[in-house]
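Chemist: Build me a structure from this.
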Amino acid sequence: MFATGIENSVPTIDGGRTRVDEMESCGHYQRWKEDFALVQEMGIGYLRFGPPIHKTWLGPDKYDWEFSDLAFAELKRRNIVPIVDLCHFGVPDWIGNFQNPDFSERFCHYALAFAERFPWVQLYTPVNEMYICATFSARYGWWNEQLSSDLAFVTALKHIVKANVLAMQAILKVRPDAIFVQSESSEYFHADSPAAIRPAEVMNSQRFLSLDLNYGRRVDSEMYEYLLDNGMSRDEYHFFLQNRMKQHCIMGNDYYVTNEHRVSADGSTRASGEIFGYSEITRQYHDRYRLPVMHTETNLNQGPAGSEAVDWLWKEWANVLRVRNDGVPVVGFTWYSLTDQVDWDSALREKNGNVNPLGLYDLDRKIRPVGEAYKKLISEWRDVLPTQSLCLTVPVVLPDEVSEQHARRQMQRAASMIKARPTAPAVQENG
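Modeler: Residues are numbered from 1 along each chain as shown. Predicted coordinates for the structure are as follows:
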């Protein structure tokens, strides 16, 4: 599945007073038809895309679907498969932030309402990058609640992951053959001295918390104590063990040059650049969860030479092929996003209007060298990979097939499997 995305981050900054809306900054609200045409022109069949949550979800059971109706009708008409991103780093003003204990249940209703309105949609990322969202909002103090404590981090994390689990359950009621792609950041922390080994080990355990909880995997004893010491109750922890949704999931992992970190003895971190790379870190995550994998995000600035992003695309694709050839079931790849982004040079902490040349197209919708390279890569590999393994083909129903008999049979079979599935406790899974 070759994919790209429409960046729809919407965190708040300045104590919640300022909304950073990437779809607005990148001109998507005005040029959405043109953007979808560019996706099709690239030969891309899958698009990470979602409605702007703060403009759509106006209150409890109150929605404005005008933009979504237009956009998703156009995607369906073009037979582009959306991977629907319902919550990307922000919530509506009326919710407040991720410290709100009501967020999880209320988000479940929003997800259900979306699924009922667009029953032809099959692929979802209910909550994007759960670990990063909790980290930037409640540990680094950058977004949304802008808090910086372990208590705030655990509170945000448990609410975010529970929202994701409840949303998956709600969507399956409408679309029993739904597939959930957890787009999550793949991290690694390197100790830069013997004294830094201990803090690096703790961070390398914490990086798995969002997916451990999401997939109903028992955390290790130290992380269990960490969660309980910072506000998670035993009942809250057991909710995740008893609501195991792993069988409906693809593990989407994101990798950027900033995903690896050097840890100092005092626990401070700084970017290390690429040390292990995508292939090694993906093997670590796959060994832990044993799920099909999709590379769901990567990019790099075009750079002064004009070839830096093209070289990075080639490197990431080489890494994907490496882990695939080593037996990891990789089912998709994504350059994120379709167009350049704005203000990610400050991690959206400031609203400066700085254009970051990260896209397949610039903001004038002119193709960049990496766009040309990705288009060529897709045309060369799209027919080769399926013949190497028919078993790595995801059972996706294309938008124009949703009413056909085989699609109805797939949904009926999925519904019967859900109904018959016994409830079993989560087990510790070792690679």
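Chemist: From here on, just use CA atoms for contacts and neighbour counts.
Modeler: Fine.
Chemist: Any regions of the stretch 101-250 of the chain where pLDDT drops low?
Modeler: Along the stretch 101-250 of the chain, the model assigns pLDDT under 70 to no residue.
Chemist: now the residue most central in space within the chain, which residues is it bridged with?
Modeler: Geometric centre of the chain, nearest residue: S183, 2.3 Å, by CA atoms, centre = their mean. Taking DSSP bridges as the rule, S183 bridges to G252.
Chemist: Which residue ranges of the stretch 251-400 of the chain form helices?
Modeler: Using DSSP state H, counting those that start in this stretch, the helices of the stretch 251-400 of the chain run over 278-289, 308-325, 369-381, 385-388.
Chemist: Kindly reformat those as JSON lines containing distance to H190, mean neighbour count and mean pLDDT.
Modeler: Listed next are the helices of the stretch 251-400 of the chain as JSON lines, based on distance: least, CA to CA, whole Å; neighbours: other CA atoms under 10 Å; pLDDT from 0 to 100:
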{"stretch": "helix 278-289", "distance to H190": "12", "mean neighbour count": "19", "mean pLDDT": "97"}
{"stretch": "helix 308-325", "distance to H190": "20", "mean neighbour count": "18", "mean pLDDT": "96"}
{"stretch": "helix 369-381", "distance to H190": "30", "mean neighbour count": "17", "mean pLDDT": "97"}
{"stretch": "helix 385-388", "distance to H190": "34", "mean neighbour count": "12", "mean pLDDT": "64"}
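Chemist: for those helices, which one sits closest to A134?
Modeler: Minimum separation from A134 across the helices of the stretch 251-400 of the chain (CA to CA) falls at helix 278-289, 19.3 Å.
Chemist: Dump that closest one to CSV, keeping only the CA atoms.
Modeler: Extracted in CSV, the C-alpha atoms of helix 278-289 (Å, rounded to 0.1, in the frame of the first residue of the first chain):
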residue,chain,number,x,y,z
TYR,A,278,14.4,2.2,10.4
SER,A,279,15.2,-1.4,9.9
GLU,A,280,16.7,-2.2,13.3
ILE,A,281,14.1,-0.2,15.3
THR,A,282,11.2,-1.7,13.3
ARG,A,283,12.6,-5.2,14.1
GLN,A,284,12.5,-4.3,17.8
TYR,A,285,8.8,-3.2,17.6
HIS,A,286,7.8,-6.2,15.5
ASP,A,287,9.6,-8.7,17.8
ARG,A,288,7.5,-7.2,20.6
TYR,A,289,4.0,-7.1,18.9
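Chemist: Not counting its own residues, what contacts that helix?
Modeler: If you take CA atoms under 8 Å, 6 or more residues apart in numbering as the criterion, helix 278-289 is touched by 186-188, 253, 255, 293, 316, 319-320, 322-323, 328, 429-431.
Chemist: P60: how many residues sit nearby?
Modeler: 12 (other CA atoms under 10 Å).
Chemist: picking that back up, can you put the helices of the stretch 251-400 of the chain in CSV and add distance to G16?
Modeler: What follows is these, written out as CSV (distance: least, CA to CA, whole Å):
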stretch, distance to G16
helix 278-289, 34
helix 308-325, 34
helix 369-381, 35
helix 385-388, 46
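Chemist: closest to E34 out of those?
Modeler: Taking CA to CA, helix 369-381 is the member of the helices of the stretch 251-400 of the chain nearest to E34, at 15.5 Å.
Chemist: Which strands or helices does the closest one pack on?
Modeler: Secondary-structure packing of helix 369-381 (3 or more CA pairs under 8 Å, 6 or more residues apart in numbering; DSSP states H and E): helix 308-325.
Chemist: which other helices and strands contact the helix it packs on?
Modeler: Helix 308-325 packs on helix 278-289, strand 330-334, helix 369-381, going by 3+ CA pairs under 8 Å, 6+ apart.
Chemist: And the ones you listed: which comes nearest A420?
Modeler: helix 278-289 (23.4 Å).
Chemist: and the angle for that closest one with helix 308-325?
Modeler: Calculated by axes from the mean of the first three to the mean of the last three CA atoms, to 10 degrees, helix 278-289 forms an angle of 40 degrees with helix 308-325.
Chemist: Distance from the chain centre to helix 278-289, please.
Modeler: 16 Å (CA atoms, centre = their mean, to the nearest Å).
Chemist: just stretch 64-75 next, same as before
Modeler: 21 Å.
Chemist: Just the C-alpha atoms of that stretch, please, in CSV.
Modeler: C-alpha atoms of stretch 64-75 as CSV (Å, rounded to 0.1, in the frame of the first residue of the first chain):
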residue,chain,number,x,y,z
ASP,A,64,-20.8,19.7,11.3
TRP,A,65,-20.2,17.3,8.4
GLU,A,66,-20.3,19.8,5.5
PHE,A,67,-16.5,19.6,4.7
SER,A,68,-16.3,15.9,5.4
ASP,A,69,-19.3,15.1,3.1
LEU,A,70,-17.7,16.9,0.2
ALA,A,71,-14.1,15.6,0.8
PHE,A,72,-15.0,12.0,1.3
ALA,A,73,-17.4,11.9,-1.6
GLU,A,74,-14.5,13.1,-3.8
LEU,A,75,-12.2,10.4,-2.4
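Chemist: in that stretch, what's buried?
Modeler: 68, 71-72, 74-75 (16 or more other CA atoms under 10 Å).
Chemist: Same check on stretch 227-239?
Modeler: By neighbour count with 16+ other CA under 10 Å, stretch 227-239 contains the buried residues 227, 231-232, 237.
Chemist: Between which two of the contacts of helix 278-289 is the distance greatest?
Modeler: E316 and E429 (28.2 Å).
Chemist: Spit out the contact partners of I160.
Modeler: Residues 98, 103-104, 127, 130, 134 are the ones in contact with I160 under the rule CA under 8 Å, 6+ apart.
Chemist: mind checking the SS state of it?
Modeler: Here I160 is recorded as helix under DSSP: H, G, I helix; E, B strand; the rest coil.
Chemist: got it, and P176?
Modeler: Per three-state DSSP, P176 ends up coil.
Chemist: Give me the number of neighbouring residues for it.
Modeler: Using other CA under 10 Å, P176 has 22 neighbouring residues.
Chemist: so it makes contact with A414?
Modeler: Yes: using CA atoms under 8 Å, P176 is in contact with A414, at 5.4 Å.
Chemist: in the stretch 1-150 of the chain, which spans are helices?
Modeler: Using DSSP H, counting those that start in this stretch, helices in the stretch 1-150 of the chain cover 22-25, 28-42, 53-56, 66-78, 103-117, 130-138, 150-174.
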